[in-house]
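1. Kindly generate the corresponding structure for this input.
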Amino acid sequence: MKLGNYNINMLICFLIAFLVTAVIMPALIPYLRKLKFGQQILDEGPKWHEKKSGTPTMGGIGFIIGVGIAVICALLRSFDIKLLMMAAVSLGFGAIGFLDDYVKVVKKQNQGLTASQKFFLQAALAVLYVVVLMKTGELSTTILIPFTNYKFYMPWWLYVPFILFVVTGTVNAVNLTDGIDGLAASVTVVVSLFFGMAAALVASDGSAYFAFALLGGVIGFLIYNKYPAKVFMGDTGSLYLGGALSVLAVGLKMPLVLIICGFVYLFETLSVIMQVASFKLTGKRIFKMSPIHHHFEMCGWSERKIVLVFTLAAAVLSALAYISIQPFAA
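-> Residues are numbered from 1 along each chain as shown. Coordinates of the predicted model:
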């Protein structure tokens, strides 16, 4: 499929999500403030983040609504089961994030849900997604190998735990990236653009529409989330974004390609793992603070500089990822 054959429908999805989100946010932000849904700043973070305490959180609700309306419009034009499932699973992850945020801001429990509670809910949703794929005949255990024209056919008993790892890993990696104003949103703009173009390249209409709706929604949100942020997406938003990117990768048979285009998320996660492992084994820390974006803050980088550098890195890696899938063009 050629990108130009579908650009109108993709543009419509993008514009609907962008406009709805951009219009909703000015009303949503004061409403969240009225409800006292303010961000609680953890003690482990940089001390200068304390001034952000009370900034409205759970703002991810705005782009979830924007993307949802764009998806509904696309489904009314032409029903696509894959598009419906991607939107539903992403919404499920957003609901888990909402529950976590609710515990933090309403119940005043700063850590939210426990790690085991979040993992159980995320794993259950990932397994449910695979089961629904099987029941609808949409399950494919094929995985595209980047920079080649080869496809790897994975046995289902290996595929299910692999996908469970991909989905839960991506969701939590995006969540870790959401630590400074506009970072997770900016990187996700680039990665969702990649998936939209990749979906068009391999002739996956539903995936393309969902990716461009996601792109529009996140850009609409970024207007208010860029430094200095007027609102945070909260776990509601970050878990939704992680879920959306993971189901796009799975639906397009590109979990290995996600490693390339989403390496910024992976880098954030690895920095935490390395920091914890080093401290437990040697009693010394590798970084001044983790995730890695906090390390650069401690080195004197401004939030704007970190976001710019990480976003440019995501853009270069996404361009590389797009080159890697050219052999699979429809």
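2. elements contacting the helix or strand S246 falls within?
-> Following DSSP states H and E, the helix or strand that holds S246 is helix 234-251. Using 3 or more Cβ pairs under 8 Å, 6 or more residues apart in numbering; DSSP states H and E, the elements in contact with helix 234-251 are helix 60-77, helix 81-105, helix 115-135, helix 156-177, helix 183-201, helix 205-225, helix 255-261. Placement of C-beta: from N, CA and C, glycine included.
3. These: lowest mean pLDDT?
-> Looking at the helices and strands packed on helix 234-251, the lowest mean pLDDT belongs to helix 115-135 (a mean of 91).
4. relative to helix 81-105, how tilted is it?
-> Between helix 115-135 and helix 81-105, the angle formed by their directions is 170 degrees, by axes from the mean of the first three to the mean of the last three Cα atoms, to 10 degrees.
5. how about helix 115-135: buried residues?
-> Going by neighbour count (16 or more other Cβ atoms under 10 Å), the buried part of helix 115-135 is 118, 121-122, 125-126, 129-130, 132-133.
6. can you list the residues you listed in CSV and add distance to I65?
-> Converted to CSV, the buried residues of helix 115-135 look like this (distance: Cβ to Cβ, whole Å):
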residue, distance to I65
K118, 23
L121, 22
Q122, 22
L125, 20
A126, 24
Y129, 22
V130, 27
V132, 23
L133, 26
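7. Contacts only, for N9.
-> The contact partners of N9, taken as Cβ atoms under 8 Å, 6 or more residues apart in numbering, are 74, 77, 205, 208-209.
8. quick one: which of the residues you listed has the most company?
-> When neighbours are counted by other Cβ atoms under 10 Å, Y209 leads those with 31 neighbours.
9. Assess the claim that that one and C13 are in contact.
-> Yes. Checked against Cβ atoms under 8 Å, the pair Y209 and C13 is within contact range at 4.7 Å.
10. coming back round to it: any chance of the helices and strands packed on helix 234-251 in a markdown table, plus distance to I143?
-> Formatted as a markdown table, the helices and strands packed on helix 234-251 follow (distance: least, Cβ to Cβ, whole Å):
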| stretch | distance to I143 |
| --- | --- |
| helix 60-77 | 26 |
| helix 81-105 | 17 |
| helix 115-135 | 14 |
| helix 156-177 | 8 |
| helix 183-201 | 14 |
| helix 205-225 | 15 |
| helix 255-261 | 6 |
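11. So which of those helices is nearest M289?
-> Nearest to M289 among these is helix 156-177 (12.6 Å), distances taken as Cβ to Cβ.
12. From the rest of the structure, what touches that closest one?
-> By Cβ under 8 Å, 6+ apart, the list of residues contacting helix 156-177 from outside reads 93, 97, 119, 122-123, 125-127, 129-130, 139, 141, 154, 183-184, 187-188, 235, 238-239, 241-243, 245-247, 249-250, 255, 258, 262, 264-266, 268-269, 272, 291, 293.
13. Could you give me the buried positions within that helix?
-> Here helix 156-177 shows 159-160, 163-164, 166-177 as buried, counting by 16+ other Cβ under 10 Å.
14. now, which of those sits nearest V316?
-> The closest of those to V316 turns out to be T177 (Cβ to Cβ; 16.8 Å).
15. So A123 versus I96, what's the distance?
-> Computed as Cβ to Cβ, to the nearest Å, the A123 to I96 distance reads 11 Å.
16. Start and end of stretch 75-87, how far apart?
-> Stretch 75-87 has an end-to-end distance of 11 Å (criterion: Cα to Cα, to the nearest Å).
17. contact partners of it?
-> Contact partners of stretch 75-87, identified using Cβ under 8 Å, 6+ apart, comprise 9, 67-68, 71, 74, 129, 132-133, 136, 138, 204-207, 209-210, 244, 247-248, 251.
18. Same question for stretch 280-298.
-> The list of residues contacting stretch 280-298 from outside it, by Cβ under 8 Å, 6+ apart, reads 44-46, 176-177, 179-180, 183, 267-269, 271-272, 274-276, 278-279, 299, 303, 305-306, 309-310.
19. now do 6 Å
-> For stretch 280-298, contacts defined as Cβ atoms under 6 Å, 6 or more residues apart in numbering pick out 46, 176, 179-180, 268, 271-272, 274-275, 278-279, 306.
20. Pretty sure A315 sits against V189.
-> No. With contact defined as Cβ atoms under 6 Å, A315 and V189 do not form a contacting pair (9.5 Å).
21. who has more neighbours, the two?
-> V189 (22 against 18).
22. how much space between L241 and S318?
-> Distance of L241 to S318, given as Cβ to Cβ: 15 Å.
23. cool, and F267?
-> 14 Å.
24. Equivalent analysis for G262, please.
-> Between G262 and S318 the distance is 9 Å, computed by Cβ to Cβ.
25. now for the contacts of N9, which pair is the farthest apart?
-> Maximum pairwise distance in those, criterion Cβ to Cβ, is 13.4 Å, between R77 and A208.
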